[in-house]
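K.L.:
Using only what follows, build the 3D model:
(2 chains)
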Amino acid sequence: MTAVTDDLPVRRRSWLAASLRFARRQPLGTFGLVIVVIAAIAGLSAEWIAPYSPTANDFAAMTEPPSAAHWLGTDQFGRDLLSRIVYGARTALIIGFVSAFVGGFLGLVLGVASAYFGGWIDDVLQRVMDILMAFPLIIMALAVVAIFGTGVQNVIAAITVPLVPRCARVVRSSALSIREVPYIDAARTSGFSHARIILRHMVPNVVAPFLIMLTAFVGQAILAEASLSYLGLGVQEPTPAWGLMLQGGAEEYASTAPWIAIFPGLAIALTVFGFSLFGDALRDAIDPKMRER
Amino acid sequence: MSGTGADRPLLEVRGLHMHFPISEGILMRRQIGEVKAVDGIDFALRRGETLGLVGESGCGKTTTGRCILQLERPTAGAILYDGVDISTLSRRDMLALRRRIQVIFQDPYSSLNPRMKVGDIIGEPIMVHGLAPDATRRAARVRELLSVCGLNPSFADRYPHEMSGGQRQRVGIARALALEPEFIVCDEAVSALDVSIQAQVINLLEDLRERFGLTYLFIAHDLSVVRHLCQRVAVMYLGRIVELADCDALFDDPLHPYTRALLGAVPIPDPTIEAGRAFQPVLGEVPSPINPPSGCVFHPRCALAVESCSRVRPELRELRPGHWVACSEVN
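P.N.:
Below is the predicted model:
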């Protein structure tokens, strides 16, 4: 019985075909993706896109309404709002991506390890996560900023910490089901190390839910950064940041120069919305593939 | 009951118990009961022998296999592998033995990591145990293993989802062979396959047994497969072995009432004989292993049961040479 069994045709879908299929089936998700891409382009090439310097004051043109010279108007210090929003995208995306990825990665490893080891390790880790989860994201971030102070790095840390347990919890539940799967038993029977089993066999099999969560985290992190900056505990002037722009202009000029608050507010809302839509669509697009497997 | 003569059994299981605790509460865990998955079993396997372990779902046969593989730490009892009790070995000491004991699983779909190529699945144990010095030799070894298992060596570049169930099962077998083991636990290794593929895989397992001098513990519920492949058979019921005998003796002259009922339930592929034979099904359901019956676990459903069966747990007795039965009423 050593007859060689027949070859099966190999099915492979190209990236282009998969992307087109995504666009057709998930119009809202594609819309979200477009917003994300626009924000990313703005953030990456702010120097070339922004018509003015984001920090240059023009005292001849303070609180100007939108015009041909200043498309979105100027703020109370005569800074061009469009330029500040474009540069603000960079701040938002750096903080959003770094905290989502760092928080997500820590959560991934902790969640998988918690599920893999089980027993008291799982109990202790999960109770610590429970404690961290008991605080709303923004309160937790406030506490971290209060301890370490403001500034971009501390804001990233402040947003990363509360994301870890949220990620670990979701990853753990997927990892728990994978832990019982025979290929993990096979790996244990072959005497592989814990690290190898976790990193090579478990982590790659929980990345699908993890990636979806990551997109949602970026949106959440951007919102958290805006909230912290608005409260004066996040990014500090004169760094262009959307939350900071709201703080500077919102209350005082709400009736006389509403554009100062409206445009950064719109930028925050649209970007977060874009990430949420894209994340949702990604989940829907990946799900049937998982059932198919 | 160990191997006869001077030759030491390759594997000897003594008084194996595996009780899983059922606990309650979040911070203050307290045990409210236990599932007696395996409740005191003994058997031995000679080198080169294939022992069948049969029984219904939930009778503890898979748990027995998992204990031997050290995927579970038994609650009590000893598992002597080549004279060493592996149930007390540390993870580090067990590592050397891992090479010698491998497993083939039931489900060819979940037993292969979907994110790894077939070549990596088979090559990984070779790499971890340092059996091939470099990537080229390792790849050659993987190709060799694939062809030994009847697969095209080019399959090394495929992912498991690009293969059929039978092909995947062959990959699982190749992975088990990668460490050049002497003992393989086949946990329902053919149960999930189509009948035609089943026959191919059984033949492959037989070929490999002869070629590499393998010893199998063949866990199954399909009695005809067991009869074909095994030299001796142990029948399990609710965590205990009720009968252990040479294959032919067990199938031709079953002694324990449960074994008789089990064999009687196998349909005969001839409608006239099937219609004419008197078939007495076992009454009732298998009791819960959380709260098994006292004495002989089979007594509530047994036609031969007498009053003492509910009090005294029958031990395995050698009623005929090599034919062990755990029943006080048969002779």
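K.L.:
Any residues of the stretch 151-293 of chain A in contact with chain B? List them.
P.N.:
A:181-183, A:185-193, A:196, A:200-201, A:204-205, A:293 (C-beta under 8 Å from any C-beta of the partner chain). C-beta here means a position set from N, CA and C on the backbone, and glycine is covered the same way.
K.L.:
Whichever of these end up buried, select them in ChimeraX.
P.N.:
Here is the ChimeraX selection string for the buried members of those, based on 16 or more other C-beta atoms under 10 Å in any protein chain shown:
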select /A:181,182,183,185,186,187,188,189,190,191,192,200,201,205
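K.L.:
Narrow the residues of the stretch 151-293 of chain A next to chain B to those in helices?
P.N.:
If you go by DSSP state H, these have A:Pro182, A:Tyr183, A:Asp185, A:Ala186, A:Ala187, A:Arg188, A:Thr189, A:Arg196 in helices.
K.L.:
my guess is the second one meets B:Pro108, correct?
P.N.:
No: the criterion here is C-beta atoms under 8 Å, and A:Tyr183 misses it with B:Pro108 at 10.8 Å.
K.L.:
Centre-most residue in chain A?
P.N.:
A:Val218 (0.9 Å; C-alpha atoms, centre = their mean).
K.L.:
tell me the SS of that one?
P.N.:
Counting by DSSP: H, G, I helix; E, B strand; the rest coil, the backbone at A:Val218 sits in helix.
K.L.:
Now do the contacts for it.
P.N.:
A:Leu93, A:Gly96, A:Phe97, A:Ala100, A:Phe275 (C-beta atoms under 8 Å, 6 or more residues apart in numbering or on different chains).
K.L.:
Helices along the stretch 201-331 of chain B, start to end?
P.N.:
For the stretch 201-331 of chain B, the helices defined by DSSP state H, counting those that start in this stretch cover B:223-229, B:247-252, B:257-264, B:271-276.
K.L.:
my bad, chain A
P.N.:
Using DSSP H, helices in chain A cover A:15-25, A:27-44, A:46-49, A:81-117, A:119-133, A:137-148, A:152-179, A:182-189, A:194-196, A:207-230, A:242-249, A:259-292.
K.L.:
so where's the chain uncertain?
P.N.:
You didn't pick a chain, so chain A it is. Within chain A, the stretches with pLDDT under 70 are A:1-14, A:248-250, A:286-293.
K.L.:
right idea, wrong chain: chain B
P.N.:
B:1-6, B:26-28, B:279.
K.L.:
Determine which residue lies closest to the centroid of it.
P.N.:
B:Ile219 (2.7 Å).
K.L.:
Tell me the first helix or strand C-terminal of the helix or strand containing B:Ile126.
P.N.:
Assigned by DSSP states H and E, B:Ile126 belongs to helix B:118-128. Sequence-wise, the next helix or strand downstream of helix B:118-128 (DSSP H and E) is helix B:135-148.
K.L.:
What residues of whichever helix or strand comes after that next one count as buried?
P.N.:
Helices and strands here follow DSSP H and E; after helix B:135-148, the next one along the chain is helix B:165-177. Neighbour-count burial for helix B:165-177, with 16+ other C-beta under 10 Å as criterion, is recorded at B:Gly166, B:Gln167, B:Arg168, B:Gln169, B:Arg170, B:Val171, B:Gly172, B:Ile173, B:Ala174, B:Arg175, B:Ala176, B:Leu177.
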